[in-house]
Every structure is written in C-alpha cells, then in structure tokens.
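Colleague: pasting the structure only:
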C-alpha cells in the first residue's frame, strides 16, 4: 500500500521502532479520542507503508482453520493492539426495524454534507457486533418525562437550550428548538440541525431551508406570519447537531423524543408533515423506506401524518422534486379533510 492508503490503530506504547512513526489520527475527533482514553484504549495512527511485511501480517486476522502461530507475529514488546477490526472482517447486519441508527438516510439531514468515516472498533477480529435494535431503545428518566410534560412553550424552549441529557449537548453551538406560528395548522418535522442551523439556532436554513420555503410558498404556506392557517411551525426530531452531520443515534433520539412530543402537544397542529427518514420513522412508527410511506396517511396521537423527502435529499436528487410536489398536494388534501372533520365535530 502507498502512503495514501488506510492505516492501522496501534497502542502508543514505548516501542521506539513504532513510536517514531506515529502520526496524528486523521479520523478520530477529540471527543472520540477522549472516550477511548477514558476506556483505557488510547489510539495512534501509523501508515501502512512504514510497517514491515511481518508487522502487517501480524495485524491481519487468522483465516478459518489457521492455528495460532501459523504466520508472522510481532514481538511481545511491540505493544501492537491485537484485536482490531479489519477491512474485510464480517459484521452482523440487523434486519428490518433494527437499522434505524445505521442506514444512510433517504433525506440525509442537515444539508447533505458527508460525515467523516468512523474509526475502527477495538474488539477481537473474529467477533461480531450487532447494532442496537429499535425495540430495545432506552427510555428517558421518568422524572424527566414528567417535568417536560408540565412545560409551556417558553419553558420547553429554555429546557431544550439547557439540555445535556446526551453527548450532543456538549458538542453543539446552540440547541435548535423551532420556528413558526405557535398554533400553526401544519407542523413540519425534519431530522436534525446542520452546521448552519447550529450557528443560527433555527431549523431549515441554508440551501435546504430555501428550498423548503419555496415548496411551502407554492401551496400558500410560510414559516413566518400571523395567520395559523397559512403559517407553519417547524421543528426537528433532534435538537442538537450531530458531529460531522452523521445520522442521529438511538440514545440521542430517545432523549429528544419527549421534547418533540411536547412541542406537538403545545402546537396542536391539524397535520404533521414528516420530511426525511428519521422524522418519518419517529412519527409513523414504521421502518419502511420513504418511497413506501409516501402518499399514505398515518396517525400520531390522533393527528394525521404525511411523509415526504427531506429538502437536502431533493437538492441532491432533483428528479424527485415532482414526487415531493405531489406529496405537498396530498398533504393539502389531508389537511382539508382534517379541518372538515374538526368543523363537523365542533358543530
């Protein structure tokens, strides 16, 4: 492999031959390095090209049936971590609903930026790691849930700004709560803030936000105004930007879920428009892809839910804008049905 090829994680122990070749790791962020160090697993980075054939061979996992000691090994004093995930090692993939936190999103949230590749996990090369299933999602603390359920809009916004329930609270610039009419008939729910949202503290800004504004304007809606019939309320499933614009993780969704639930209860919209895979899964409870959820009506606590593509996805895939337009028209029809049903029940 040349100098530009991938490297190997090694424990930075005092072995002169390897220590002198250690470089700053190009993938690990500061918080990830701190986490590994807290676990007693410090990491460094060494290019393949500076390792000998014997050193490279010792880092490769044994083939099935191969006995220990069959191939080259490193001396005990090298301190090379033995049990690192190799590029060819197998990984058990979850099925169906277990893929919430692992698959790439249809509407990759927050501007369509590409997240940095994750570091290799420190584990035995022959072991397999299963992604946590949606069914075993941890619950937020009961006291936290009870407190959130008592908050008004201003109190909930302040609570969100001060929230440190997951690791994102210490990585963000500011929480992104919501924007729009506090009693808007339509509530738009996205996935997670991007870099620009994190800086401005408002959901759906930048190129994706402009596209959303144009889409809403085409059906007579806006994000600002005094008329709840023509002004939407906009929020996200996740209130803080995940680092590198990666997909939100299960524990992060869990901690933000009661905040979104309370937002919906306070706004009391007549229709929920879910944009992107994570928003769709959160509000519909389904793990089906966006293409199968479109043009269908779901219910979230008695409120109709319509699903469509995230604007960031549409920027990357403009050929699907016609489908998104059809979804907006479908949402308008469902809003009319909901309003008519509400008027009948009121009378």
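Modeller: Here it is on my side, so go on. Owing to the predicted nature of the structure, the values given are computational and were not obtained by experimental measurement. Numbering: from 1, shown residues only.
Colleague: pretty sure residue 181 contacts residue 229?
Modeller: No: counting by C-beta atoms under 8 Å, residue 181 sits too far from residue 229 to count as a contact (9.2 Å). No exception for glycine: its C-beta is placed from N, CA and C like everyone else's.
Colleague: Just want to know which of the two has more residues nearby.
Modeller: When neighbours are counted by other C-beta atoms under 10 Å, residue 181 and residue 229 differ, and residue 181 comes out ahead with 23 against 15.
Colleague: Contact partners for the residue nearest to the more buried one when sequence neighbours are not counted?
Modeller: Leaving aside its sequence neighbours, residue 181 sits nearest to residue 231 (C-beta to C-beta, 6 or more residues apart in numbering; 3.8 Å). Counting by C-beta atoms under 8 Å, 6 or more residues apart in numbering, residue 231 touches 180, 181, 184, 221, 222, 223, 224, 225.
Colleague: and these, which are buried?
Modeller: Buried members of these, scored by 16 or more other C-beta atoms under 10 Å, are 180, 181, 184, 221, 223.
Colleague: Rebuild these as JSON lines, extending it with pLDDT and distance to residue 333.
Modeller: Shown next, in JSON lines, are these (pLDDT from 0 to 100; distance: C-beta to C-beta, whole Å):
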{"residue": "180", "pLDDT": "96", "distance to residue 333": "22"}
{"residue": "181", "pLDDT": "97", "distance to residue 333": "21"}
{"residue": "184", "pLDDT": "97", "distance to residue 333": "18"}
{"residue": "221", "pLDDT": "96", "distance to residue 333": "14"}
{"residue": "223", "pLDDT": "94", "distance to residue 333": "22"}
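Colleague: Mark which of these are part of strands, please.
Modeller: When DSSP state E is applied, the buried ones among the contacts of residue 231 are split such that residue 180 fall in strands.
Colleague: can I get the buried ones among the contacts of residue 231 in JSON lines with distance to residue 297?
Modeller: What follows is the buried ones among the contacts of residue 231, written out as JSON lines (distance: C-beta to C-beta, whole Å):
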{"residue": "180", "distance to residue 297": "22"}
{"residue": "181", "distance to residue 297": "23"}
{"residue": "184", "distance to residue 297": "19"}
{"residue": "221", "distance to residue 297": "19"}
{"residue": "223", "distance to residue 297": "24"}
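Colleague: one step back: tell me how far the residue nearest to residue 181 lies from residue 208.
Modeller: 19 Å (C-beta to C-beta, to the nearest Å).
Colleague: likewise residue 179?
Modeller: Residue 179 is 14 Å from residue 208, by C-beta to C-beta.
Colleague: how about residue 213, secondary structure?
Modeller: For residue 213, the secondary-structure state derived from DSSP: H, G, I helix; E, B strand; the rest coil is helix.
Colleague: Which residue ranges of this protein form strands?
Modeller: Counting by DSSP E, the strands of the chain are 8-10, 44-46, 178-180, 186-190, 233-236, 271-275, 298-300, 303-308.
Colleague: Among the ones you listed, which comes closest to residue 323?
Modeller: Across the strands of the chain, the minimum distance to residue 323, taken as C-beta to C-beta, is reached by strand 303-308, at 7.8 Å.
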